[in-house]
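In: here is the input, now give the coordinates:
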Amino acid sequence: MRTTFDLSPLYRSSVGYDRLLDMLDQVNRVEPMTNWPPYNIEKTGDDQYRITMAVAGFSPDEIELVQQENTLFVNGQKHPEPEGVQVLHRGIATRAFKQTFNLADHVKVTGASLENGLLTIELKREVPEELKPHRIEIVSGTGAKALSQDNQPQQIEHEPSKPSKAA
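Out: Next up, the predicted model:
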């Protein structure tokens with residue numbers, strides 16, 4: 001049984017979260033068969049994440065990972081069975097799959113590995129220094145001098161002192 005949620009109150013009280021709310025709407029419209037292969041999403045550090053997908057029976061050359069802007073595409077396509085092999089029972093899924101993950105801004109794939117039927121994708125969020133939050137000083141008074149807010153260290157230059165001449 002699927003439960004759907006009305007997100008309209010969130011739309012009325014949020015500004016700038018359109019992408020997040022669109023993703024929540026997408027979750028309400030997920031088709032039942034798009035949850036294969038099973039996967040976990042883990043937070044492994046402050047800005048590090050890991051996606052682990054169960055892809056038993058697939059080899060690294062049968063899986064394609066593509067990151068395009070803020071979207072990670074994972075596609076799997078099995079090679080055809082070799083001639084002369086007759087499968088009497090197929091318990092390991094060999095159907096093709098496509099999985100899409102929406103990534104937050106500045107999240108990049110740093111590595112991927114396939115071991116024991118688990119595809120592990122390592123991700124890291126690297127926010128550029130100029131986009132990180134910085135504190136802004138508030139000045140008051142009429143004669144207050146405005147301060148520079150570029151968060152760069154300021155160098156104060158002094159005039160070199162003249163050497164004194166002794167007679």
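In: I'd guessed residue 39 sits against residue 72; true?
Out: No. The pair residue 39 / residue 72 is not scored as a contact, 11.4 Å apart, by CB atoms under 8 Å. For the C-beta atoms, the positions are set from N, CA and C on the backbone; glycine is no exception.
In: give me the common contacts of the two.
Out: residue 51 (CB atoms under 8 Å, 6 or more residues apart in numbering).
In: higher neighbour count, the two?
Out: Between residue 39 and residue 72, counted using other CB atoms under 10 Å, residue 72 has the larger neighbour count: 20 against 17.
In: residues in contact with that one?
Out: 51, 65-66, 100-101, 103, 109, 121.
In: need the pLDDT of the closest residue to residue 96 other than its chain neighbours.
Out: Of all residues not flanking residue 96 in the chain, residue 77 sits nearest, at 4.8 Å (CB to CB, 6 or more residues apart in numbering). Residue 77 carries a pLDDT score of 93 in this model.
In: which stretches of the protein have low pLDDT?
Out: 1-34, 142-167 (pLDDT under 70).
In: can you list the residue ranges for helices in it?
Out: 8-12, 18-28 (DSSP state H).
In: just give me the neighbour total for residue 111.
Out: The number of residues near residue 111, taken as other CB under 10 Å, comes to 10.
In: so the closest residue to it other than its chain neighbours bridges to which residues?
Out: Among residues not flanking residue 111 along the chain, residue 122 sits closest, at 4.4 Å (CB to CB, 6+ apart). Following DSSP bridges, residue 122 is listed with bridge partners residue 50, residue 111.
In: please parse the protein into its domains.
Out: As recorded under automatic domain parsing, the domains making up the chain are 1-30, 36-128.
In: surely residue 87 touches residue 94?
Out: No. Counting by CB under 8 Å, residue 87 sits too far from residue 94 to count as a contact (9.3 Å).
In: who has more neighbours, those two?
Out: With neighbours defined as other CB under 10 Å, residue 87 and residue 94 compare such that residue 94 has more, 15 against 9.
In: OK, contacts around that one?
Out: 57, 78.
In: ok, now residue 54?
Out: Counting by CB under 8 Å, 6+ apart, the residues that residue 54 touches are 37-39, 117-118.
In: 7 Å instead?
Out: 37-38, 117-118 (CB atoms under 7 Å, 6 or more residues apart in numbering).
In: ditto for residue 58
Out: Contacts of residue 58 by CB under 7 Å, 6+ apart are 76, 78.
In: please tell me how far it sits from residue 74.
Out: 11 Å (CB to CB, to the nearest Å).
In: please apply the same query to residue 49.
Out: 14 Å.
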